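Asks: Give me coordinates for this.
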Amino acid sequence: MNRFHVHLSVADLQASIGFYSRLFGAAPTIEKTDYAKWMLDDPRVNFAISTWNGARGLNHLGVQADSDEELEKIGAHFADADASTTIAEPGAHCCYAVSDKHWVRDPQGIPWEAFHTLDSIPTYGEHAPAKATQSGCCAPASSASTGGCGCGVAQP
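Replies: Predicted coordinates for the structure are as follows:
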């Protein structure tokens, strides 16, 4: 079963951790100095917050796949929705994890990320080996430097 993903950019991480911990009735699954994530089962959501972006609010939405096969299905749906904005990003090092990803933008310009997590990494933005995708966090490699939404995905 896949998991819905929401990532918000926040100004005060500790205040936001306190708020969302009370809201969800649970402490974060992962907590770093610049990032926190809750892996909730009811509703089934991967809810993340970070201080990485100057703008505050919605960073991106997505779907966390449980397998390579599920990721490919979601990637195909992304391409069906808008092939002109769809980007595949295998082996991305982002958000304290190594993941295979697909990205697409909705008509409002909101980035949607589909990903299958392969491993964890101890440091935010840790560089990928030469064979893997070199990207900014939460950004496809081809648009990581263009920014705009704070997650590194180029704004239209």
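
Asks: Helices along the protein, start to end?
Replies: With DSSP state H as the criterion, the chain has helices at 13-24, 68-82.

Asks: Which stretch among the ones you listed approaches Phe4 most closely?
Replies: helix 68-82 (11.6 Å; C-beta to C-beta). Every C-beta, even on glycine, is put in place using the N, C-alpha and C of the backbone.

Asks: Can you pull out the residues in contact with the closest one?
Replies: Applying C-beta atoms under 8 Å, 6 or more residues apart in numbering, the contact partners of helix 68-82 are 2, 63, 65, 86, 88, 100, 102-106, 112, 114-116.

Asks: what bits of this protein have low per-residue confidence?
Replies: Within the chain, the stretches with pLDDT under 70 are 123-156.

Asks: ok, 80 please
Replies: Within the chain, the set of residues satisfying pLDDT under 80 comprises 53-54, 95, 121-156.

Asks: the strands in it, which residues?
Replies: Secondary structure of the chain (DSSP state E): strands at 3-9, 30-31, 35-41, 44-50, 57-64, 87-94, 97-105, 111-120.

Asks: Of those strands, which is nearest Ser21?
Replies: The nearest among those, by C-beta to C-beta, is strand 35-41 at 8.1 Å.

Asks: Tyr35: how many residues sit nearby?
Replies: 20 (other C-beta atoms under 10 Å).

Asks: Tell me how far it lies from Ala27.
Replies: The gap separating Tyr35 from Ala27 is 14 Å, by C-beta to C-beta, to the nearest Å.

Asks: now do Gly18
Replies: 10 Å.

Asks: what's the answer for Cys95, then?
Replies: 18 Å.

Asks: can you check Thr51 too?
Replies: Counting by C-beta to C-beta - Thr51 and Ala27 are separated by 18 Å.

Asks: Looking at the two now, which is surrounded by more residues?
Replies: Using other C-beta under 10 Å, the more surrounded residue of Thr51 and Ala27 is Thr51, with 17 against 11.

Asks: All set, thanks.
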